[in-house]
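> Whatever this is, show me its structure:
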Amino acid sequence: MIGLFDTHTHLDSTKFDDDRTETIERARAAGVELMVNIGFNRETIPTTIALAEQYDFIYAAVGWHPVDSIEMKPEDLDWIERLCSHEKVVAIGEIGLDYHWDTSPKEVQHHVFREQIRLARKVNKPIIIHNRDAHEDVVKILQEEQASEVGGVMHCFSGSWETAKKCLDMGFYISFGGPVTFKNARVPKEVLERVPIDRLLIETDSPYLSPHPFRGKRNESAYVSYVADAAAEITGKSKEEIAIITMENGKKCFGIV
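Next comes the predicted model:
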């Protein structure tokens, strides 16, 4: 059984309320040895911490999602800072910009994004970046806020090679999820092929973004195996090699010994 690292999942989602334990057991049976669960607002940060405390192979990231930026208060940033001293918290995220959902004004998103990058530099934690339809502004803010000091992950990357190159130059890892398994996913496949192998990560973003052949259904961490299959096919490496490489990369990124 090869060891896989699902570097981005939401196992605390209410979509798993009826079978969370079984979902985690299926992931383990599929070879998933490590997971990073993402707490991204006032509701999901506590449930993420609880999951990480319950399972020794689940780690936590805590941050404020751009969609919820309008709701963030200064005390929430203080809360995230305190949680960064928790032994299972390995990153600040997911943070970034989302221009698809019109829930938080862009200027608010920018402010919250910058504040969290500054916090990450203060506490020396990598950051996990959510970027939807905001490639240019995400890169600009990362550069202006010296995010290269901490690096992190471009989560479920959907941009061009030019954008990926700028992120790589700042020390970021590029992570791919279910969409890279789609037959029409030309650009993600081309970018994955060009990403240096020591900067490649895989993820599910479960319960979202299910890979083929589960597209349109609930995603789960076990399905990171399908992403590994796609990465192997695209790079010409074996699935075992992809598993070993992405496990090593993930541990290095998040400081997991």
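> list the contacts for residue 232?
Residues near residue 232 by C-beta atoms under 8 Å, 6 or more residues apart in numbering: 238, 239, 241, 242. For the C-beta atoms, the positions are set from N, CA and C on the backbone; glycine is no exception.
> Give me the residues contacting the one helix or strand residue 7 maps to.
Using DSSP states H and E, residue 7 falls within strand 4-9. Residues outside strand 4-9 that contact it (C-beta under 8 Å, 6+ apart) are 27, 30-38, 94, 128, 153, 155-156, 175, 177, 201-206, 221, 224-225, 228, 243, 246-247, 250-251, 253-254.
> most surrounded residue in the contacts of residue 232?
residue 242 (24 neighbours; other C-beta atoms under 10 Å).
> gap between that residue and residue 224?
Residue 242 is 11 Å from residue 224, where distance means C-beta to C-beta, to the nearest Å.
> what sits in contact with each of these two?
residue 202.
> now the contacts of residue 232 in TSV, with pLDDT, secondary structure and distance to residue 53?
Converted to TSV, the contacts of residue 232 look like this (pLDDT from 0 to 100; DSSP: H, G, I helix; E, B strand; the rest coil; distance: C-beta to C-beta, whole Å):
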residue	pLDDT	secondary structure	distance to residue 53
238	97	coil	35
239	97	helix	32
241	98	helix	33
242	98	helix	30
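> Check the offset of the helix or strand containing residue 136 from the chain's centre.
Assigned by DSSP H and E, residue 136 belongs to helix 135-144. Relative to its chain's centre, helix 135-144 lies at 18 Å (C-alpha atoms, centre = their mean, to the nearest Å).
> now for the helix or strand just after that helix, which elements pack on it?
Of the helices and strands lying after helix 135-144 in sequence (DSSP H and E), the nearest is strand 152-154. Other helices and strands packing on strand 152-154, by 3 or more C-beta pairs under 8 Å, 6 or more residues apart in numbering; DSSP states H and E, are strand 89-98, strand 127-132, strand 172-176.
> same thing but 6 Å
Contact partners of strand 152-154 among helices and strands, from 3 or more C-beta pairs under 6 Å, 6 or more residues apart in numbering; DSSP states H and E: strand 127-132, strand 172-176.
> looking only at pLDDT, what's the mean for the first one?
For strand 127-132, the mean pLDDT works out to 98.
> Tell me the pLDDT of the nearest residue to residue 15 once chain neighbours are set aside.
Spatially, and ignoring its direct neighbours in sequence, residue 15 is nearest to residue 207 (4.3 Å; C-beta to C-beta, 6 or more residues apart in numbering). Listed pLDDT for residue 207 reads 98.
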